[in-house]
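[1] Have a look at this prediction, sequence included:
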Amino acid sequence: MQNQPTFVLVHGAFANSFSFAPLQAELALLGHRSVALDLPGHGFEATFPAAYQAPQDLDALAAAPGSIKGVMLADNVARVTEVLERAKRNGPTVLVAHSRGGFTATAVANARPELIDRIVYVSAWCPVDLDVAGYYAEPEMADVDPGGFAAALVGNPAELGLLRTNFRTADPATLDAFKQAFAADLTDDEFRTFLNTFQPDENLDAGTPDDRAQAATWGRIPRTYVRLAADASLPPAVQDRMIREADALTPDNPFDVRTLEGSHLRWLVHPGAAAEVLAGLAGN
């Protein structure tokens with residue numbers, strides 16, 4: 001098993017290691033080991049205020065403290081680095097990031113490239129020429145409307161020191177906005193099941209320009225980008241732009257690009273094709 005890689009899986013915003021369970025099962029059945037980690041303030045470190053339960057008390061929820069307050073990108077990097085150091089003792093590592101997890105994966109690769117044998121972005125942020133806020137202002141993100149989720153936001157992020165979202169809302173318009181953005185091709189039951197794995201709080205730190213992909217470190221790691229062709233929250237046009245920018249940064253080490261059909265979350269609910277793609281990278 002020393003030559004077999006360990007897949008280290010990094011989740012996105014409001015998510016946790018639990019969302020990777022179906023993918024890990026598929027990888028295991030294909031003969032591959034994996035570890036899904038929780039970033040600081042996620043998983044069993046998350047805060048679920050009593051006011052978030054039913055019946056909800058939105059006024060109390062808007063003021064309840066959260067454990068993720070003060071968590072910075074550097075804390076995420078430290079968590080992933082620790083896992084990679086341990087996994088590296090057993091052989092190669094493949095760092096796999098989804099969605100907002102791409103911020104962390106990129107920053108880890110900038111800092112400790114020797115710990116990563118391949119980095120895989122699955123419809124994940126890979127900032128190169130711009131920071132994330134900059135991409136949101138570009139034409140490729142014109143069809144993404146963050147305002148569609150405004151009704152689910154709770155409290156003042158500046159006062160709470162975190163971003164809080166009420167994923168247990170019963171508002172039909174807000175639930176439809178969530179589904180159209182992240183899971184339009186899932187059944188309503190699949191969508192609601194996934195929604196119930198989310199935690200209400202996310203940290204505010206998306207990094208600085210220094211955390212964008214760096215040619216001398218990040219750029220020397222073999223890399224794969226798995227495009228999600230029907231992703232409405234991180235549209236293919238944005239995915240393709242980041243791929244182009246990365247390839248221009250290190251033309252001698254371009255992205256190996258794969259494409260899966262489906263929305264932002266479908267590959268986690270129906271992971272067979274994604275597991276096959278990852279398994280195919282195990283020997284590369």
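    Great, that's in hand.

[2] Give me the phi and psi for the closest residue in space to Leu234 that isn't next to it in sequence.
    Nearest residue to Leu234, sequence neighbours excluded (C-beta to C-beta, 6 or more residues apart in numbering): Ser123, at 5.1 Å. Every residue, glycine included, has its C-beta placed from N, CA and C. Main-chain torsions, Ser123, degrees, to the nearest 10: phi 40, psi 50.

[3] residue contacts, Ser123?
    Counting by C-beta atoms under 8 Å, 6 or more residues apart in numbering, Ser123 touches His98, Ser99, Val226, Arg227, Leu228, Asp231, Leu234, Gln239, His264.

[4] what's stretch 213-227 in contact with?
    106, 109-111, 113, 116-123, 126-128, 236, 239-240, 242-243, 246, 249-250, 253, 255-260, 267, 274, 277, 281, 284.

[5] follow-up on the earlier one: now render the contacts of Ser123 as JSON lines, adding neighbour count.
    Converted to JSON lines, the contacts of Ser123 look like this (neighbours: other C-beta atoms under 10 Å):
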{"residue": "His98", "neighbour count": "30"}
{"residue": "Ser99", "neighbour count": "24"}
{"residue": "Val226", "neighbour count": "24"}
{"residue": "Arg227", "neighbour count": "19"}
{"residue": "Leu228", "neighbour count": "26"}
{"residue": "Asp231", "neighbour count": "24"}
{"residue": "Leu234", "neighbour count": "26"}
{"residue": "Gln239", "neighbour count": "25"}
{"residue": "His264", "neighbour count": "23"}
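
[6] From those, which land in strands?
    Among the contacts of Ser123, the ones falling in strands (DSSP state E) are His98, Ser99, Val226, Arg227, Leu228.
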